[in-house]
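1. give me coordinates for this.
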Amino acid sequence: MMKYWITIVCLWTGLLVHTMAGAQEPLRAAYYPTSPFVIETDEGLTGASVWLWDAICKDLSLEYTVEELPLDTLLRAIEAGNKDMFIVPLSITSERNKFIQFTVPFYVASSGILIHSAGNWQKFTAFLRSFFSLAFLQALAALFFVLLFFGFLLWLFERRRNPEHFEGGWRGVWSGVWWSAVTMSTVGYGDKVPKSSGGRIIGLIWMFIAITIISGFTASIASTLTVQNMGWNRKNIQDYKELPIASVNGSATEEWLRAHFFKDIRALPNLDACLQALDAGEVMAVAYDEPALKEIVRLDSASRYQLQESSYNLQLYAFGFSKMVSDTLVERISASLLEITESRDYQVVLSEYDLIQE
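-> The predicted structure follows:
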């Protein structure tokens, strides 16, 4: 009789343990929209990482609830244990590894630079603005003053000895200015010629001074055009080190910019806010994960943006879990993730979202 009851108790205990093990609470997941990995639609969430996570849940019979959070809030929620995991792919860093359990990586990416596209008309108007700047107008005024000064000096020497070329009154002064301008530009019409010794000495001095002035003026114009051209042809992330640049607050790219001592980083809540700052002229560029920036360019039918050919800050994307989640569960998820990412279906999904890497 005793053996009978012992058998009943053992069977009941085993059944109870099995039931408790199978009755796992749904995972509390969080995300923030990051196309092409997490995309919000009327039907729900879609995207490459959403497909991958749903495939893992189907494989392991997992359930989850999901809530949208800004990236910095999401990280704090994971650290505090208020959320169990995030669906959005997150870069593995040493700092994050202190409070996040990462799965094995499932995608390799870099950070990129997004800027406004510069059309020919935009370049032309910028060119005109550089010519009509205050500094340029001041240089023109100074040049006219020098022309007037030497023209007047010549007129003083020539007005009596050479009245046929430099007559009296304002007409003679204007003839002197005309002569100084023709001499400076080395055109040499020969219609106005100094004949007095004093006038020729003034002419000789003005010729040497004019060479220096015209050389400096030409160099200034060339410098302005070169700087303007460089402004449209920044390619390396280091070219933006002293300029205002936007990135998503809490992102790996923002951490990289701060670690490399960029001077003016605008950390904004999300990528949409970064684009708004770029459109408003508050920043010169947006620095963020390259796949997300490529998706913006792909969907940009108005061709407002362009992605510069500069990659930096290599990143490994993975799913992350709170330290309070079972290590065993994270290991099972990693094993399932490996199998799925090696499948043909996953390659098709990557191709669908233009994530196939060369």
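2. okay, buried residues for stretch 90-107 please.
-> 90, 91, 92, 96, 100, 101, 102, 103, 104, 105, 106, 107 (16 or more other Cβ atoms under 10 Å). For the C-beta atoms, the positions are set from N, CA and C on the backbone; glycine is no exception.
3. identify the farthest-apart pair in the residues you listed.
-> Within the buried residues of stretch 90-107, 101 and 107 form the most distant pair, 18.0 Å apart (Cβ to Cβ).
4. residues touching the helix or strand where residue 89 lies, excluding its own?
-> Following DSSP states H and E, one finds residue 89 within strand 85-91. With Cβ atoms under 8 Å, 6 or more residues apart in numbering as the test, strand 85-91 has contacts from 27-32, 34, 37-38, 45, 49-50, 53, 64, 66, 71, 74, 78, 96, 100, 102, 106-107, 109, 251-252, 289, 315-322, 325.
5. moving C-terminal from it, which element do we reach first?
-> The first helix or strand that comes after strand 85-91 along the chain, using DSSP H and E, is strand 100-102.
6. now do the helix or strand just after that following strand: distance to the chain's middle.
-> Going down the chain from strand 100-102, the next helix or strand is strand 107-116, by DSSP H and E. On the basis of Cα atoms, centre = their mean, to the nearest Å, strand 107-116 sits 8 Å off its chain's mean C-alpha point.
7. neighbouring strands of strand 107-116 in the sheet, and parallel or not?
-> strand 285-289 (antiparallel), strand 305-307 (antiparallel), strand 312-322 (antiparallel) (DSSP bridges).
8. so which bits of the second one are buried?
-> Applying a neighbour-count criterion of 16+ other Cβ under 10 Å, one finds 305, 307 buried in strand 305-307.
9. mind checking how far it is from the chain centre?
-> Worked out by Cα atoms, centre = their mean, strand 305-307 lies 9 Å from the chain centre.
10. what about that strand, average pLDDT?
-> On average, the pLDDT along strand 305-307 is 90.
11. so what touches it?
-> Everything outside strand 305-307 that qualifies as a contact, by Cβ under 8 Å, 6+ apart, is 112-117, 275, 278, 290, 293-294, 296-297.
12. which residues in the stretch 51-200 of the chain form helices?
-> Assigned by DSSP state H, counting those that start in this stretch, the helices in the stretch 51-200 of the chain fall at 71-80, 120-131, 134-158, 170-184, 197-232.
13. so what's residue 247 up against?
-> 253, 254, 257, 265, 266, 267, 268, 274, 286, 287, 288.
14. which among the residues you listed count as buried?
-> 253, 254, 257, 265, 266, 267, 268, 274, 286, 287, 288.
15. which ones among those lie within helices?
-> Mapping the buried ones among the contacts of residue 247 onto helices (DSSP state H) picks out 253, 254, 257, 274.
16. setting aside sequence neighbours, what's the nearest residue to the third one?
-> Pointing back at residue 257 there. residue 265 (5.1 Å; Cβ to Cβ, 6 or more residues apart in numbering).
17. ok, that neighbour touching residue 245?
-> Yes. Under the criterion of Cβ atoms under 8 Å, residue 265 makes contact with residue 245 at 6.2 Å.
18. common neighbours of those two, please.
-> residue 257.
19. quick one: low-confidence parts of the stretch 201-350 of the chain?
-> 220-234 (pLDDT under 70).
20. against residue 37, how distant is the nearest residue to residue 89 once chain neighbours are set aside?
-> Computed as Cβ to Cβ, 6+ apart, the closest residue to residue 89 that is not its neighbour in sequence is residue 317, at 3.6 Å. Computed with Cβ to Cβ, to the nearest Å, the distance linking residue 317 and residue 37 is 8 Å.
21. give me the more crowded residue out of the two.
-> A count of neighbours by other Cβ atoms under 10 Å puts residue 37 above the other of residue 317 and residue 37, at 26 against 22.
22. show me the contacts for that one.
-> 47, 48, 49, 50, 88, 89, 291, 292, 317, 353.
23. what does the pLDDT read for the fourth one?
-> Right, the one you point to is residue 50. In this prediction residue 50 is given a pLDDT of 95.
24. so it touches residue 38, yeah?
-> Yes. At 5.7 Å, residue 50 counts as touching residue 38 under the criterion of Cβ under 8 Å.
25. these two - which one has more neighbours?
-> Legend: neighbour count by other Cβ under 10 Å for residue 50 and residue 38, higher for residue 38 (23 against 20).
26. quick one: that one from residue 144, how far?
-> 62 Å.
27. could you find the closest non-adjacent residue to residue 168?
-> Per Cβ to Cβ, 6+ apart, closest to residue 168 is residue 159, 5.6 Å.
28. got the phi and psi for the one you found?
-> Per-residue torsions, residue 159: phi -60, psi -30 (degrees, to the nearest 10).
29. OK, contacts around it?
-> 166, 167, 168, 172.
30. rerun that using 7 Å as the cut-off
-> Each residue near residue 159 by Cβ atoms under 7 Å, 6 or more residues apart in numbering is listed here: 166, 168, 172.
31. tell me how far it lies from residue 54.
-> From residue 159 to residue 54 the distance is 94 Å (Cβ to Cβ).
32. contact partners for residue 146?
-> Counting by Cβ under 7 Å, 6+ apart, residue 146 has contacts residue 213.
33. hang on, residue 81 packs against residue 324?
-> Yes. The criterion here is Cβ atoms under 7 Å, and residue 81 meets it with residue 324 at 4.6 Å.
34. what about the residue lying closest to residue 269 once chain neighbours are set aside, how many neighbours?
-> Nearest residue to residue 269, sequence neighbours excluded (Cβ to Cβ, 6+ apart): residue 70, at 5.1 Å. Look at residue 70: counted by other Cβ under 10 Å, it has 17 neighbours.
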